[in-house]
Structures are given as C-alpha cells and as structure tokens.
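**Student:** got a predicted structure plus its sequence, pasted below:
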Amino acid sequence: MAKDYIVLFRGSSIEAGRILFDLEEIDIRGVLRDQQTSAARSGFAIPATADEAQVLVHRDEHEKAKSIL
C-alpha cells in the first residue's frame with residue numbers, strides 16, 4: 001500500500017490541513033502523516049519544533065493533485 005502513495009507536500013500541519021481541504025474540493029482523498037501526533041500516540045516524545053506534516057496522495061492522482069499547490 002505505501003508504495004502506491006507519493007508525498008505531495010511537506011510542511012506545517014496547518015498548511016497540510018488546508019491542502020487536504022483543497023484536495024477534497026477536487027475529489028482527491030489525501031492522507032495526512034503527522035510525525036508529532038504519531039509519536040505522542042505511541043508514547044514517544046519528539047521536540048515541539050518538529051512540526052512537520054506530510055500530505056500523501058495516490059500515485060494515480062498525483063498529477064491532478066499538484067494543480068492545487
């Protein structure tokens with residue numbers, strides 16, 4: 001499954017949320033990968049400055065998704 005998805009965006013979680021919203025407007029379902037939230041749920045601590053989120057899209061929709069950036 002992971003090989004079917006491509007990183008469309010890397011940046012703050014706020015910007016990633018906006019991109020996910022814009023993707024839904026053009027009927028693309030993006031996936032949010034947030035390192036800080038994932039680490040906290042697993043019981044690990046990472047620095048608060050590591051606010052990097054990734055938005056992934058399916059390989060077949062990557063070209064269409066790039067239009068919103």
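**Tutor:** Thanks, I have the structure now.

**Student:** quick one, longest helix in the protein?
**Tutor:** Longest helix of the chain, by residue count under DSSP state H: helix 13-25.

**Student:** and that one, what's buried?
**Tutor:** 13, 16, 19-20, 22-23 (16 or more other Cβ atoms under 10 Å). In this view, the C-beta of every residue, glycine as well, is placed from N, C-alpha and C.

**Student:** neighbouring strands for the helix or strand following it, and are they parallel or not?
**Tutor:** Sequence order places strand 31-34 as the next helix or strand after helix 13-25, per DSSP states H and E. Here strand 31-34 has these sheet partners by DSSP bridges: strand 53-58 (antiparallel).

**Student:** beta partners for the residue most central in space within the chain?
**Tutor:** Compute the mean C-alpha point of the chain, and by Cα atoms, centre = their mean the closest residue is residue 55, 1.7 Å away. Legend: beta-bridge partners of residue 55 under DSSP bridges are residue 9, residue 32.

**Student:** now do the contacts for residue 11.
**Tutor:** 52-53 (Cβ atoms under 8 Å, 6 or more residues apart in numbering).

**Student:** tell me how far it lies from residue 57.
**Tutor:** 15 Å (Cβ to Cβ, to the nearest Å).

**Student:** still on that earlier bit, quick one: which of the buried residues of helix 13-25 is nearest residue 4?
**Tutor:** Closest approach between these and residue 4, by Cβ to Cβ: residue 23, at 16.1 Å.

**Student:** can you tell me the closest non-neighbouring residue to that closest one?
**Tutor:** Leaving out its chain neighbours, the residue that sits closest to residue 23 by Cβ to Cβ, 6 or more residues apart in numbering is residue 30, at 4.4 Å.

**Student:** residue 29: neighbouring residues, count only.
**Tutor:** Neighbourhood size, residue 29 [other Cβ atoms under 10 Å]: 10.

**Student:** no further questions, thank you.
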